[in-house]
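Undergrad: below are the sequence and a predicted model; questions follow.
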Amino acid sequence: MSAIENKEQAERLLSALGEQLAAANERFELVVVGGSGLLALGEIERSTRDVDLVALRNGDDLGTAKPLPDPLRRAAERVARDFDLDEAWMNGGPTALLDLGLPDGFLDRLDSRSYGEALVVHFASRYDQIHFKLYATVDEGGPGKQEQDLRALAPSEAELLAAARWSRTHDPSEAYRETLLRALQQLGVSDAAL
């Protein structure tokens with residue numbers, strides 16, 4: 001199965017998804033986080049296997065993206081066949097972040113793009129991606145693609161501390177705090193009062 005290799009391919013896939021939705025007389029607004037969002041915004045230059053949805057948007061309301069609504073799932077499956085992607089290339093897993101809350105001001109910072117008349121994709125901002133990538137880096141317990149993406153975003157100490165405070169609302173455990181402090185030190189934050 002193919003991966004999403006670059007910004008241009010991400011754009012082609014989302015345009016194709018918009019075409020499939022239009023052909024089915026359906027319309028969706030997706031909120032995207034993760035590597036595919038960073039790739040589409042030109043923030044990173046690595047491949048990714050899926051598009052991570054944190055939510056489906058309706059005005060200022062964000063709803064769960066898991067499971068995907070049937071019309072969206074069917075359109076995504078057609079795109080997967082056309083582009084030789086994994087059938088689950090549209091992934092609603094990150095929607096669990098809605099349960100404990102997104103960073104304050106998240107909606108105001110979204111970068112929104114239309115892919116035809118049937119699809120609007122709202123990409124999480126660089127600032128919010130720093131939050132998600134720090135949380136994922138610590139949650140995974142060490143170096144990997146999450147930390148690589150985080151470093152590519154070149155966060156300031158203030159941004160890392162804001163992200164660290166937010167991440168503690170999702171995992172207040174002492175074990176997470178200790179791992180978070182180690183990660184912050186590795187990222188150049190020497191004095192993190194958490």
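TA: Ah, there it is. Numbers count the residues shown, from 1 in each chain.
Undergrad: domain ranges for the protein?
TA: Per automatic domain parsing, the domain ranges recorded for the chain read 7-124, 127-186.
Undergrad: next, format the ones you listed as JSON lines and append distance to residue 192 and mean pLDDT.
TA: To be clear about C-beta, it is placed using only N, CA and C from the backbone, and glycine gets the same treatment. As requested, these are exported to JSON lines (distance: least, CB to CB, whole Å; pLDDT from 0 to 100):
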{"stretch": "domain 7-124", "distance to residue 192": "17", "mean pLDDT": "94"}
{"stretch": "domain 127-186", "distance to residue 192": "5", "mean pLDDT": "92"}
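Undergrad: and those as a markdown table, adding mean neighbour count?
TA: Converted to a markdown table, the domains of the chain look like this (neighbours: other CB atoms under 10 Å):
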| stretch | mean neighbour count |
| --- | --- |
| domain 7-124 | 18 |
| domain 127-186 | 18 |
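Undergrad: residues contacting the lengthiest helix in the chain, please?
TA: The longest helix of the chain (DSSP state H) is helix 7-23. In this structure, residues lying in contact with helix 7-23 by CB atoms under 8 Å, 6 or more residues apart in numbering are 4, 27-28, 36, 39-42, 51, 71-72, 74-76, 78-79, 82-83, 85, 89-90, 113-119, 121.
Undergrad: can you tell me how far the spatially most central residue of the chain is from residue 81?
TA: Ranked by distance to the mean C-alpha position of the chain (CA atoms, centre = their mean), the top residue is residue 33 at 1.2 Å. Distance of residue 33 to residue 81, computed by CB to CB, to the nearest Å: 25 Å.
Undergrad: check whether residue 94 really touches residue 62, as I assumed.
TA: No. Applying CB atoms under 8 Å, one finds residue 94 not in contact with residue 62, separated by 11.9 Å.
Undergrad: can you check which residues contact both of the two?
TA: The contact lists of residue 94 and residue 62 share residue 54, where a contact means CB under 8 Å, 6+ apart.
Undergrad: strand partners of the strand ranked longest in the chain, parallel vs antiparallel please.
TA: Using DSSP state E to define each element, the chain has its longest strand at strand 51-58. Paired strands of strand 51-58, with direction, are strand 28-33 (antiparallel), strand 61-63 (antiparallel), strand 90-91 (parallel) (DSSP bridges).
Undergrad: for the nearest residue to residue 159 once chain neighbours are set aside, give me its contacts.
TA: Distances taken as CB to CB, 6 or more residues apart in numbering place residue 130 nearest to residue 159, at 5.1 Å, with adjacent residues excluded. Residue 130 sits next to 150, 153, 155, 159, 160, 163 when contact means CB under 8 Å, 6+ apart.
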